[in-house]
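Chemist: Okay, sequence plus prediction incoming.
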Amino acid sequence: MDKIIPKHIGIILDGNRRWAKKRGLTTLQGHKKGFDILKDVATYAFDIGVNTLTVYGFSTENWNRSKEEVAYLMDLFKLLVKKEVNTLSKRNIRLKIMGDISAFDDELRQGIIDAEEKTKDNTKGLLNVCLNYGGRLEILNAVKNIIKDKIGPDELNEKSFRKYLYSGDTPDPELIIRTSGEKRLSGFLTWQSVYSELYFPNTTWPDFDASELDKAIDEFNKRQRRFGGN
């Protein structure tokens, strides 16, 4: 039987700091390594048939980290939307940022807008990067916008509610991976993950590669997805 490739995979990119500490490197070096790994893994994922890759880059709680670490992460995100977006565009990959971008500075906000506009017509795959994202916040913002749009109770159902989420009409992830051995989702895709298969490798994110993604997909193929039906 042919291997099934999940059309939508979500990844919580965990373990950059632990990877760096183990090697006597700085936290910032760990984040840079993780950023580079994301490019490699995303390229491989789209090449093998994944349609959508959603990654958790920066949560609403991550603002509590040191100013130096947060500033460095912001610089990496600017690099993504200003420079790396050119590579994504050449590979026909669409970039979408999921989260509340209002907290970012003008340069990053405009970079996000420009990057999304530049890649909006690309069709090979969709890379969602969750920045200043929290699953509860996403749902809360959806409710606020539904109230603002005066959507009545009779008009509201799962399909209409979904349109107010950051992910819009994007199909839910079939597989969610959290690296580094932590076994929780930490607010990642709270609405969308209800029937996702969960995979928790001990591998830290900077050590994650194509072979590790293959292992995750192999495990996915062993699961029986019943969706509560039997």
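Modeler: Arrived safely.

Chemist: does L127 sit in a helix, a strand or a coil?
Modeler: strand (DSSP: H, G, I helix; E, B strand; the rest coil).

Chemist: thinking it is in contact with N92, fair?
Modeler: No - with contacts defined as C-beta atoms under 8 Å, L127 does not count as touching N92, sitting 11.3 Å away. Every C-beta, even on glycine, is put in place using the N, C-alpha and C of the backbone.

Chemist: Show me which of the two is the more surrounded one.
Modeler: Between L127 and N92, counting by other C-beta atoms under 10 Å, L127 is the more crowded of the two (25 against 13).

Chemist: how about the helices of this protein, start to end?
Modeler: Counting by DSSP state H, one finds helices in the chain at the ranges 16-22, 27-47, 67-79, 85-90, 106-119, 135-148, 158-162, 210-222.

Chemist: Could you tell me the angle between the last one and helix 27-47?
Modeler: With axes from the mean of the first three to the mean of the last three C-alpha atoms, to 10 degrees defining the directions, helix 210-222 sits at 60 degrees from helix 27-47.

Chemist: Please state the offset of helix 210-222 from the chain centre?
Modeler: For helix 210-222, the separation from the chain centroid amounts to 18 Å (computed by C-alpha atoms, centre = their mean, to the nearest Å).

Chemist: pLDDT averaged over it, what's the number?
Modeler: Model confidence over helix 210-222, given as mean pLDDT, is 97.

Chemist: same deal with the fourth one?
Modeler: What helix 85-90 shows for mean pLDDT is 97.

Chemist: Name the residues that touch it?
Modeler: Contacts of helix 85-90 with the rest of the structure, by C-beta atoms under 8 Å, 6 or more residues apart in numbering, involve 39, 94-95, 115, 118-119, 122, 127.

Chemist: Sketch out the low-pLDDT regions of this structure for me.
Modeler: The chain contains residues with pLDDT under 70 at 1, 227-230.

Chemist: quick one: contacts for the residue most central in space within the chain?
Modeler: Averaging the C-alpha coordinates of the chain gives a centre point, and the residue nearest to it by C-alpha atoms, centre = their mean is V55 (1.8 Å). Counting by C-beta under 8 Å, 6+ apart, V55 makes contact with 10-13, 38, 42, 127-130.

Chemist: Tell me the buried residues within the residues you listed.
Modeler: For the contacts of V55, a neighbour count by 16 or more other C-beta atoms under 10 Å gives the buried set as 10-13, 38, 42, 127-130.

Chemist: and those as a markdown table, adding distance to T203?
Modeler: Supplementary listing: those in a markdown table, determined by distance: C-beta to C-beta, whole Å:
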| residue | distance to T203 |
| --- | --- |
| G10 | 16 |
| I11 | 12 |
| I12 | 12 |
| L13 | 12 |
| L38 | 14 |
| A42 | 17 |
| L127 | 21 |
| N128 | 22 |
| V129 | 21 |
| C130 | 20 |
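
Chemist: This completes my enquiry, with thanks.
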